[in-house]
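Visitor: Just to be clear, the model below is a prediction. Sequence and coordinates:
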Amino acid sequence: MDLLKKWTDNYIEAGCDEVGRGCLSGPVVAAAVILDDNFKQSLVNDSKKLNFQTRMQLDDYIKDNVKSYAIAELPAEFIDQHNILNASIHAMHRALDQLTIRPELILVDGNKFHPYNYIPHQCIIKGDSKVLSIAAASILAKNYRDRLMIKLHDEFPQYGWNTNFGYATKLHQQALSKHGPTKYHRRSFRLEYD
């Protein structure tokens, strides 16, 4: 099924998505994308449906062929202070802040969002598999976060972040039991494993 290029006919739309909500470690990362009218890329889809190599190949194409894009991250400390839902939405707001074009409609993956700068928004469940701008945002956010977790893996290799990207795999849980949490772990998440 082809993804919708436009949700409406008359508005400048920004698609937003975030990644890393369910991770034990690392930041939550959000991206916002305003598509160009000539954007053509049939491979763009929900980042969860694409393999690592395809996502990385699409990264430059998206960045070079959209009107505007931005990526923002919020660290574990912010997540612990404000909870993961609020941190995810705040990261999307931060990405929207950085766009060089002001959107007239914000399209958000999921069912929750806080109003932003008096701009109307539309929450779309599974929006990253329905709307092209949201799918593009999901790819940029996921690629940014994956690269970051691979980099952080060099600092703490025992947790396997170069392959689990901070999610609660068996290796990650065993490392937490043995070594305890790092400064990148979310203390408000369940980190005790037996």
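Guide: Arrived safely. Numbering: from 1, shown residues only.

Visitor: Assumed residue 64 was part of a helix.
Guide: Yes. Assessed by DSSP: H, G, I helix; E, B strand; the rest coil, residue 64 belongs to a helix.

Visitor: Now for it, how many residues are close by?
Guide: Residues lying near residue 64 (other CB atoms under 10 Å) number 9. No exception for glycine: its C-beta is placed from N, CA and C like everyone else's.

Visitor: what does stretch 97-105 rub up against?
Guide: 7-8, 11-14, 32, 34, 67-72, 96, 119-122 (CB atoms under 8 Å, 6 or more residues apart in numbering).

Visitor: From one end of it to the other, what's the distance?
Guide: 14 Å (CA to CA, to the nearest Å).

Visitor: so for the helix ranked longest in the chain, what's the average pLDDT?
Guide: The helix that spans the most residues within the chain, counting by DSSP state H, is helix 132-155. Averaged across helix 132-155, pLDDT comes to 97.

Visitor: try stretch 31-47
Guide: Mean predicted confidence for stretch 31-47 is 89.

Visitor: Which residues are in contact with residue 164?
Guide: Counted by CB under 8 Å, 6+ apart, residue 164 has contacts 171, 172.

Visitor: thinking again about what came up before, CA atoms only for the longest helix of the chain - export them in CSV, please.
Guide: Provided in CSV are the C-alpha atoms of helix 132-155 (Å, rounded to 0.1, in the frame of the first residue of the first chain):
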residue,chain,number,x,y,z
LEU,A,132,5.0,9.5,4.0
SER,A,133,6.2,12.5,6.1
ILE,A,134,5.7,10.6,9.4
ALA,A,135,7.5,7.5,7.9
ALA,A,136,10.4,9.8,6.8
ALA,A,137,10.6,11.3,10.3
SER,A,138,10.6,7.8,11.8
ILE,A,139,13.6,6.8,9.6
LEU,A,140,15.6,9.9,10.5
ALA,A,141,14.9,9.5,14.2
LYS,A,142,15.7,5.8,14.3
ASN,A,143,19.0,6.2,12.3
TYR,A,144,20.1,9.1,14.5
ARG,A,145,19.4,7.1,17.7
ASP,A,146,21.0,3.8,16.4
ARG,A,147,24.2,5.7,15.4
LEU,A,148,24.3,7.3,18.8
MET,A,149,23.8,4.0,20.7
ILE,A,150,26.5,2.4,18.6
LYS,A,151,28.8,5.3,19.7
LEU,A,152,27.8,4.9,23.4
HIS,A,153,28.5,1.1,23.1
ASP,A,154,32.2,2.0,22.8
GLU,A,155,32.0,3.6,26.3
